[in-house]
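**Student:** here is a sequence with its predicted model. Questions after.
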Amino acid sequence: GKDRIIFATKEDHETPSSAELVADDPDDPYEEQGLILPNGDINWNCPCLGGMASGPCGEQFKSAFSCFHYSTEEIKGSDCVDQFRAMQKMQKYPDLYPQEDENEEKEKSSKDLEATPMEASVPKEEKGSS
């Protein structure tokens with residue numbers, strides 16, 4: 001892989017570093033490419049995913065998102081129901097995968113629905129009654 005573990009001794013730390021900083025590689029396919037790389041692959045390192053591709057449900061997310069991205073069905077992603085169903089496991093980890101508070105949304109929706117009929121049923125002042 002891309003990571004390497006190095007153990008340093010006390011003597012290693014006593015001598016000045018000889019490391020050279022390497023300028024960013026403009027050809028690095030992961031550097032600021034966004035969600036989709038030039039070759040059409042998904043950039044799992046994109047910060048736009050907000051960590052969804054890692055953690056205890058990362059593999060389920062990757063599977064569902066990949067299925068959707070590469071889907072060729074007329075209704076895109078309609079062949080990915082099983083993968084998205086597997087993602088429901090994320091609800092067990094609200095600290096890692098925050099969601100909008102559904103109760104607030106339901107309360108807001110029901111208040112909006114209640115307000116509309118009431119406003120419509122308020123009697124209007126009759127014309128000509130003085």
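**Tutor:** Arrived safely, thanks for sending. Treat the numbers as computed from the prediction; the structure is a model and nothing was measured. Residues are numbered from 1 along each chain as shown.
**Student:** make it CA atoms for all contacts and neighbour counts henceforth
**Tutor:** Fine.
**Student:** neighbours of Pro98, how many?
**Tutor:** A count of neighbours around Pro98, defined by other Cα atoms under 10 Å, yields 10.
**Student:** now do the same for it: helix, strand or coil?
**Tutor:** Three-state assignment for Pro98 (DSSP: H, G, I helix; E, B strand; the rest coil): coil.
**Student:** and Gln60, what does it touch?
**Tutor:** Each residue near Gln60 by Cα atoms under 8 Å, 6 or more residues apart in numbering is listed here: 83-84, 86-87.
**Student:** pLDDT weak spots in the chain?
**Tutor:** Applying pLDDT under 70 to the chain flags residues 1, 19-32, 100-130.
**Student:** and the strands in it?
**Tutor:** With DSSP state E as the criterion, the chain has no strands.
**Student:** neighbours of the nearest residue to Gly55 once chain neighbours are set aside, just the number please.
**Tutor:** Nearest non-adjacent residue to Gly55, counting by Cα to Cα, 6 or more residues apart in numbering: Leu96, 7.7 Å away. Look at Leu96: counted by other Cα under 10 Å, it has 15 neighbours.
**Student:** before we move on, what about Arg85?
**Tutor:** 11.
**Student:** buried set for stretch 5-23?
**Tutor:** By neighbour count on 16 or more other Cα atoms under 10 Å, the buried set for stretch 5-23 is empty.
**Student:** now stretch 49-61
**Tutor:** 52-54, 57, 60-61.
**Student:** still on that earlier bit, could you measure from the residue nearest to Gly55 over to Gly58?
**Tutor:** 11 Å (Cα to Cα, to the nearest Å).
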